[in-house]
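[1] Requesting a structural model of the entry that follows:
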Amino acid sequence: MSDNINDESLDIESTPLHERPDTDISGMEPEAAREYVLSFITTLKTTQRQKQTLMDEKKLWQERVLLARNKQESELELKALERLSEIQTKIATLEAEEKELKPKVAVLKEQLLKLVRAPQMSVDAEALLAQLQMIVGEPDKTAEAFKQEEADIELQNLKKKLDQEKESP
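    Residues are numbered from 1 along each chain as shown. Sure, this is the predicted structure:
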């Protein structure tokens with residue numbers, strides 16, 4: 001065994017054997033799955049709104065670049081171009097995020113529909129007992145009491161018979 005073992009290589013939690021994809025909602029309760037899918041949808045919509053806001057801001061700065069150029073304000077034009085470049089970088093980042101989120105949201109929505117439509121397998125012992133009692137009926141306690149009473153009478157008769165046999169040789 002090597003003496004050059006790095007402590008980080010022994011950290012099992014940081015290197016999972018099987019990482020679950022973020023689009024896998026199997027095994028989740030329907031309500032938890034809804035919340036999970038909703039968070040993805042919310043993130044996608046927020047990303048789209050931010051992108052639209054930046055697109056509007058981009059138009060504004062493009063106009064400012066042209067205005068500075070027309071007025072021959074090279075310093076203002078340079079600053080406007082820098083700002084325009086920053087906005088375009090942010091837009092590109094948001095577009096990449098949106099491109100990644102759209103298919104995930106589509107998959108998650110489809111899986112959520114399947115999960116919600118699938119029959120839920122849960123065991124409610126009290127409900128099962130109630131259903132069984134409706135089908136079979138309540139135990140007949142009166143019949144049980146009569147059987148017990150008949151057995152007691154029979155036992156008494158046997159005891160009397162034994163006592164009589166002991167008395168008469």
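[2] Got the confidence number for residue 75?
    On pLDDT, residue 75 comes in at 95.
[3] Run a quick neighbour tally on it.
    In terms of burial, residue 75 registers 8 neighbours under the definition other Cβ atoms under 10 Å. No exception for glycine: its C-beta is placed from N, CA and C like everyone else's.
[4] Also residue 29?
    Number of residues near residue 29 (other Cβ under 10 Å) recorded here: 12.
[5] Give the residue spans of the protein that score low on pLDDT.
    Within the chain, the ranges that satisfy pLDDT under 70 run 1-18, 120-123, 137-139, 169.
[6] Next, name the residue at the spatial heart of it.
    Per Cα atoms, centre = their mean, the C-alpha nearest to the average position across the chain is that of residue 33, at 3.1 Å.
[7] mind listing what it touches?
    For residue 33, the residues meeting the contact criterion (Cβ atoms under 8 Å, 6 or more residues apart in numbering) are 25, 111-112, 115-116.
[8] In space, what's closest to it - neighbours in sequence excluded?
    Leaving out its chain neighbours, the residue that sits closest to residue 33 by Cβ to Cβ, 6 or more residues apart in numbering is residue 25, at 4.5 Å.
[9] Please apply the same query to residue 97.
    The shortest distance from residue 97 to any residue that is not its chain neighbour, by Cβ to Cβ, 6+ apart, is 5.1 Å, and that residue is residue 47.
[10] following the one helix or strand that neighbour maps to, which helix or strand comes up?
    Taking DSSP states H and E as the criterion, the element that holds residue 47 is helix 30-70. Going down the chain from helix 30-70, the next helix or strand is helix 74-117, by DSSP H and E.
[11] other SSEs contacting that following helix?
    helix 30-70 (3 or more Cβ pairs under 8 Å, 6 or more residues apart in numbering; DSSP states H and E).
[12] now the helix it packs on and helix 74-117, what's the angle there?
    160 degrees (axes from the mean of the first three to the mean of the last three Cα atoms, to 10 degrees).
[13] Return the residues in contact with the residue nearest to residue 33.
    Residue 25 makes contacts with 33, 36-37, 108, 111-112, 115, as judged by Cβ under 8 Å, 6+ apart.
[14] Just the buried residues out of those residues, in PyMOL syntax.
    Per 16 or more other Cβ atoms under 10 Å, the buried members of the contacts of residue 25 correspond to this PyMOL selection:
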select buried, resi 33+37+108+111+112+115
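[15] quick check, nearest of the contacts of residue 25 to residue 100?
    For the contacts of residue 25, the minimum distance to residue 100 (Cβ to Cβ) is 12.8 Å, reached by residue 108.
[16] For residue 110, see how far away the residue nearest to the closest one when sequence neighbours are not counted is.
    Among residues not flanking residue 108 along the chain, residue 37 sits closest, at 4.5 Å (Cβ to Cβ, 6+ apart). Taken as Cβ to Cβ, to the nearest Å, the spacing of residue 37 relative to residue 110 amounts to 10 Å.
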